[in-house]
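> need a structure here:
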Amino acid sequence: RAASADREEALLKTKEAVAKSYLNAVRAEAALEAARANVALAGRILQLARTQKDAGTGTGIEVTRAAAVLEQERQRLIAAEEERTAARLALLRSMGAGLDAEVELTDRLRYVPAEIPEPAQALQAARELRPELKAQAERQRAARLNAAAARWERLPAARAFGDYGVTGRTGSVYLPTRSAGVQLAVPLWDGGRRDARRAEAQSQQRAEEIRARDTAQQVELEIRLAIEALRSAEAQAAAARETLAQAERELAQAERRVAAGVATGLEVTEAQARVARAREAVVSATFRQKAAQIALGAAVGNLDLMLD
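Numbers count the residues shown, from 1 in each chain. Below is the predicted model of the structure:
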């Protein structure tokens, strides 16, 4: 039973590793989409700066600054493409598939509010689901049985035996034979081997009890850390989404101010940079929220509960 629980633990860890690899591939895809959007935005701002300069309301430095920003975003796009390729290769490796296989991701990185359980509720579920706790409970039970067997070795042992058969025959008559008896074995002295076995069994039992307490504390630590990480990730995701909305509004206002001739292209360039970084922050925050959900599911012992 302990070996069966160990197998369940290995399966859970494998599922967790594949889920994290898949999530990382989805995150890399979202980061690439954000990088492409940033390049498109930088190109639009550069075109706006050139239009303003041609109309006599802009300056050459604004065009140069916008062009520099565009090149920076193109560099980030190249890095995002490389990261996506690396994430897909890592996913194939974790799946055990050939590294030359084509991967088509069926999910997109999207924010969905997570239900955060209470620590006591998660701990109760973990006590029933975590295979490490099941395996350690079986090892502890085996150690108790072994210690009990060592203690009972010093008691006398009584055995009864019987036998019935034939020894031959005379004519057509079989000659029966019978034997029966009772045997009593009283252990007197074995050179201290029983005492040594009993001490060793008790030591093993205490060791398994210590491991059981340590495993339970480790599971509780993992659950509490995962819950706190999920709470923090939820707050960060909400803040990142609000920051992006504010940055997009600021960019729209800056473009209207430039079009009205009451502001310079510098405001638009700065607002554009904030929008680009806010997009990246949303991707990172959403990824952390999903990763925290996976970690909590693994800590509880049922990864499927936290996957959507």
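
> the strands in this protein, which residues?
157-170, 173-185 (DSSP state E).

> residue 271 is nearest to which of the ones you listed?
strand 157-170 (89.5 Å; C-beta to C-beta). For the C-beta atoms, the positions are set from N, CA and C on the backbone; glycine is no exception.

> quick check: angle from that closest one to strand 173-185?
Strand 157-170 runs at 170 degrees relative to strand 173-185, counting by axes from the mean of the first three to the mean of the last three C-alpha atoms, to 10 degrees.

> partners of strand 157-170 in the sheet?
strand 173-185 (antiparallel) (DSSP bridges).

> could I have the partner strand exported to PDB, CA atoms only?
The C-alpha atoms that make up strand 173-185 are tabulated as PDB, following Å, rounded to 0.1, in the frame of the first residue of the first chain:
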ATOM      1  CA  VAL A 173      -7.300 -54.000   4.600                       C
ATOM      2  CA  TYR A 174      -5.200 -50.900   5.000                       C
ATOM      3  CA  LEU A 175      -3.200 -50.500   8.200                       C
ATOM      4  CA  PRO A 176      -3.800 -47.000   9.700                       C
ATOM      5  CA  THR A 177      -1.300 -44.900  11.500                       C
ATOM      6  CA  ARG A 178      -2.000 -41.900  13.700                       C
ATOM      7  CA  SER A 179       0.000 -39.300  15.600                       C
ATOM      8  CA  ALA A 180      -1.000 -36.300  17.600                       C
ATOM      9  CA  GLY A 181       0.700 -34.000  20.200                       C
ATOM     10  CA  VAL A 182       1.200 -30.600  21.700                       C
ATOM     11  CA  GLN A 183       4.500 -28.800  21.600                       C
ATOM     12  CA  LEU A 184       5.400 -25.900  23.900                       C
ATOM     13  CA  ALA A 185       8.400 -23.700  23.200                       C
END
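
> that one - what's its average pLDDT?
Per-residue pLDDT over strand 173-185 has a mean of 87.

> just stretch 78-87 next, same as before
93.

> over to stretch 209-228?
Per-residue pLDDT values over stretch 209-228 give a mean of 90.

> how about a markdown table for the strands of the chain, with distance to residue 33 and mean neighbour count added?
Conversion of these to a markdown table gives the following (distance: least, C-beta to C-beta, whole Å; neighbours: other C-beta atoms under 10 Å):
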| stretch | distance to residue 33 | mean neighbour count |
| --- | --- | --- |
| strand 157-170 | 76 | 9 |
| strand 173-185 | 80 | 9 |
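
> relative to residue 46, which of those is closest?
That would be, of these and by C-beta to C-beta, strand 157-170, which comes in at 94.5 Å.

> now the strands of the chain in a markdown table, please, with extra columns for distance to residue 100.
Listed next are these as a markdown table, based on distance: least, C-beta to C-beta, whole Å:
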| stretch | distance to residue 100 |
| --- | --- |
| strand 157-170 | 67 |
| strand 173-185 | 70 |
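
> low pLDDT regions in this structure?
190-192, 305-308 (pLDDT under 70).

> helices or strands up against the helix ranked longest in it?
The residue-count maximum for a helix in the chain (DSSP state H) belongs to helix 193-260. Applying 3 or more C-beta pairs under 8 Å, 6 or more residues apart in numbering; DSSP states H and E, we find helix 193-260 packed against helix 2-54, helix 119-129, helix 131-151, helix 265-300.

> that helix vs helix 265-300, what angle?
Going by the same axes, to 10 degrees, helix 193-260 makes 160 degrees with helix 265-300.

> which of the helices and strands packed on helix 193-260 is buried the deepest?
helix 265-300 (a mean of 22; mean count of other C-beta atoms under 10 Å).

> in terms of secondary structure, what does that one contact?
helix 2-54, helix 60-95, helix 119-129, helix 193-260.

> distance to residue 152 added to the ones you listed, as a markdown table?
As requested, the helices and strands packed on helix 265-300 are arranged in a markdown table below (distance: least, C-beta to C-beta, whole Å):
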| stretch | distance to residue 152 |
| --- | --- |
| helix 2-54 | 23 |
| helix 60-95 | 50 |
| helix 119-129 | 31 |
| helix 193-260 | 10 |
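
> so which of these gets nearest residue 291?
With C-beta to C-beta as the yardstick, what comes closest out of those is helix 2-54 (6.2 Å).

> tell me the angle the closest one makes with helix 193-260.
Angle of helix 2-54 versus helix 193-260, following the same axes, to 10 degrees, is 10 degrees.

> list the helices and strands helix 2-54 packs on?
helix 60-95, helix 131-151, helix 193-260, helix 265-300.
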